[in-house]
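**Student:** coordinates only, sequence not included:
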């Protein structure tokens, strides 16, 4: 990957592809290819830290935190890492009014959207003719851990997006961990925790925080699931504790795919591409458009606007290395390509966008129409901004209330039901060579056992 | 782990615990502790096979299959591994009538239950006062792979339980792989595939089959998700391809937890414990009961019934090594312990079981009342028998239609909505230092841009 400085960012060169060209499929595959590197040194360090936290608990977490986060003076006990609700409320009160109001509006809108998700999933129950009752119960997780990165990449919006769905789901304890490198706290992150209903904030991070949440320590109860983004150490730790606790997806670089019919202000499209590219040098921003002349206008806007961006170096690298402006035959083909890409963020910047949205089968979030910039969704429309990346929208979903709920099947077989079902079960169990299964069903075939009180009423 | 032969199985000794005893919490933790071993030799072999299948495609799959499955004579091409729909239908027709009928009844009941799951999840959409439309769309996966073990552990019921939810979800292509060691096909498995709507059956297995499904080969299209149980090689391969495709959970040993008030026929309870223990020497069967005298009766039933079981060696090992009969204070305490265990299968074998079920927060499936033996649920009640094990019911769910669907957020912001939302988004984006996000929102604040045709109508 080339390193751009602010000086050479003017030399940005975004690849231009044509879907009619020979080898387009191969070009597209190469463009989309991304494999997260697994670094043996990180894996080994993380394994050591997790084992140590599991064995020594608080003592290990304290040592690693003092060391890795360079806590000034060194904390003497875990109690030093707890931030009380008072301090969270103070952080909220201390924000500039406009910022506090913006956080509150965003939180309220996120809550409204996620309440809809909760309403959708109620479980069900039905009774059969013989009195047998079958159903599915939906219940919240008990305790959830939310990982929030510290330092530069601390995003209050991510606190809202991770904590609010958990709260809406009915999770009783929401424990947020956030490292404070050099002891520096991020006021806006703490304010977001206050708004989002986080029940405890602990200023620890890294693999040691993931281990503490997964295994529990003397002062931190084990959680049932850990969500939230982190660096390579955090990602490796989450992978390793998966099974002991649930985890959310391991996110890849962020992506935007813009489908444009060629009639949106090209500055808007260029800036939308930038808004993804500024995240990360590995981020991916792609435009699909049937109009070559329009693509040239977007390219001109890119060159015009790039020098005005504070994060132009990151944008230039991302756009040069992983971006593309793709001329397609028509919008139908754009939709077909979009289904292959299964983008995290899909903007359909076109007149009557619904006609194209109807052709989309795979996307984390769809932004329809020229006014639906991805950035509105990132902060405050209401839907979650934690979305499946790297083509995983083919099989996974935005973070949601459902990630903080689970289902249990409920089976209440009547005595009459046991007679008919028992014969079927026994037949199949013998066929599979599982005789205890068969006998267990057959024992219930005995009539008149006088256990009627256990039949569903 | 001790090896039992059929002869010494009479010497079974099931541990008896008392929740009032000192050290019960520690005893329970030790009892529940299970860590899947990761075998470096298996990991390394699987990594090699997957890389080879990714690189060489069909040629690699063909070689590994001929070798590992000892295909008689050796297949000359991948075409030899395809089983056509004709052969599936012939397998179904060739079954004994009672077996075919039982499979069909089970399939129909499974379908009815899973249709209810599908009805529950429809997505939603709502329009705000300024015309902004927000919603969530639910769509099926395109292509799914179902792994079915070959040889001894081939379970037709698992074919139904994995394939029917996918079909109900609307998955167009359901590709089943099932190894045929020594070229031997399992007629009942093929018959189940015919009933369950599997669209293609390929007689390959192991890590090579997982690789073929995940990466695709010349003759096998890549799928979006792989589900179904398998041996340690298959489990390791699924873990490794996770991210490229979705996977279901990696299942641990099967478990049953019986809560009994002491008034069920003790033979029934003993046989229910056996029905789990016969699966696997690592399977876990636990009884919680407030009545010590009743526990002694169940123990007597265990000793009486064990010699009659064809799989008594496996049952004896499982019950001795991992089973327990636990005297609890009362049924309320039993429920509290059940919430800690978060069992895969929870039987509440008691009068008026709903009162106890109401106290349960975590269980894969709850079987209420004396007639609801787990074996009925395993085969034909309708709910899925693929359930979370090893305490993962704290955060995960039975396999279901929802595992073959995913959600996409839909955001269609009106011009008016972009004005209010844009200011909020810009405020927060500047706060996070993401200026392109802010500018992207601010560009939409310009009035009268004449793009009204893209506003939701």
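**Tutor:** Arrived safely. A quick note: this is a predicted structure, and the numbers were derived from the prediction, not measured.
**Student:** contacts and neighbour counts: CA atoms only from here.
**Tutor:** Fine.
**Student:** hang on, residue A:367 packs against residue A:343?
**Tutor:** No. Between residue A:367 and residue A:343 there is no contact under Cα atoms under 8 Å: 11.5 Å.
**Student:** Of the two, give the one with the bigger neighbour count.
**Tutor:** Remark: of residue A:367 and residue A:343, residue A:343 carries more neighbours, 30 against 25, as counted by other Cα atoms under 10 Å in any protein chain shown.
**Student:** give me phi/psi at that one?
**Tutor:** Dihedral angles of residue A:343 (phi, psi; degrees, to the nearest 10) stand at phi -70, psi 150.
**Student:** what's the closest non-adjacent residue to it?
**Tutor:** Nearest non-adjacent residue to residue A:343, counting by Cα to Cα, 6 or more residues apart in numbering or on different chains: residue A:363, 5.1 Å away.
**Student:** what about the one you found, distance to residue A:127?
**Tutor:** 38 Å (Cα to Cα, to the nearest Å).
**Student:** repeat for residue A:147
**Tutor:** From residue A:147 over to residue A:127 the distance is 43 Å, taken as Cα to Cα.
**Student:** So which of those two has more stuff around it?
**Tutor:** Using other Cα under 10 Å as the criterion, residue A:147 and residue A:127 rank with residue A:147 on top: 27 against 13.
**Student:** For the more buried one, which residues count as its bridge partners?
**Tutor:** Beta-bridge pairing for residue A:147 (DSSP bridges): residue A:177.
**Student:** The residue in the stretch 101-250 of chain A that chain B sits nearest to: how many residues sit nearby?
**Tutor:** At 5.0 Å from chain B, residue A:102 is the closest residue in the stretch 101-250 of chain A, using Cα to the nearest Cα. As a burial measure, residue A:102 scores 20 neighbours (other Cα under 10 Å).
**Student:** correct me, but it touches residue B:426?
**Tutor:** No. At 9.1 Å, residue A:102 does not count as touching residue B:426 under the criterion of Cα under 8 Å.
**Student:** State the pLDDT value of the residue lying closest to residue A:54 once chain neighbours are set aside.
**Tutor:** Take residue A:54 and drop its neighbours on the chain: the residue closest to it by Cα to Cα, 6+ apart is residue A:215, 6.0 Å away. pLDDT, residue A:215: 97.
**Student:** got the phi/psi numbers for residue A:285?
**Tutor:** Per degrees, to the nearest 10, the backbone of residue A:285 is at phi -130, psi 120.
**Student:** And it, how far from residue B:167?
**Tutor:** Residue A:285 is 35 Å from residue B:167, by Cα to Cα.
**Student:** Ok, residue A:395 next?
**Tutor:** On the measure of Cα to Cα, residue A:395 and residue B:167 end up 15 Å apart.
**Student:** which residues in the stretch 101-250 of chain A form strands?
**Tutor:** A:124-127, A:133-140, A:143-147, A:173-177, A:200-202, A:225-227, A:246-247 (DSSP state E, counting those that start in this stretch).
**Student:** With mean pLDDT added, can I get these in TSV?
**Tutor:** Shown next, in TSV, are those (pLDDT from 0 to 100):
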stretch	mean pLDDT
strand A:124-127	97
strand A:133-140	97
strand A:143-147	97
strand A:173-177	98
strand A:200-202	98
strand A:225-227	97
strand A:246-247	94
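**Student:** wait, which of these is closest to residue A:373?
**Tutor:** For those, proximity to residue A:373 was assessed by Cα to Cα; strand A:225-227 is nearest, at 25.9 Å.
**Student:** Doesn't residue A:409 lie inside a helix?
**Tutor:** No. Using DSSP: H, G, I helix; E, B strand; the rest coil, the assignment for residue A:409 is strand, not a helix.
**Student:** I'd assumed residue A:137 was in contact with it.
**Tutor:** Yes. Between residue A:409 and residue A:137 there is a contact under Cα under 8 Å: 6.3 Å.
**Student:** if we can go back for a sec, list the contacts of the residue nearest to residue A:343.
**Tutor:** Residue A:363 makes contacts with A:339, A:342-346, A:393-394, B:408, as judged by Cα atoms under 8 Å, 6 or more residues apart in numbering or on different chains.
**Student:** Is it possible to get JSON lines of those residues that adds distance to residue B:16 and pLDDT?
**Tutor:** Output for these, formatted as JSON lines (distance: Cα to Cα, whole Å; pLDDT from 0 to 100):
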{"residue": "A:339", "distance to residue B:16": "57", "pLDDT": "97"}
{"residue": "A:342", "distance to residue B:16": "54", "pLDDT": "97"}
{"residue": "A:343", "distance to residue B:16": "55", "pLDDT": "97"}
{"residue": "A:344", "distance to residue B:16": "53", "pLDDT": "97"}
{"residue": "A:345", "distance to residue B:16": "56", "pLDDT": "98"}
{"residue": "A:346", "distance to residue B:16": "59", "pLDDT": "98"}
{"residue": "A:393", "distance to residue B:16": "49", "pLDDT": "96"}
{"residue": "A:394", "distance to residue B:16": "49", "pLDDT": "97"}
{"residue": "B:408", "distance to residue B:16": "51", "pLDDT": "98"}
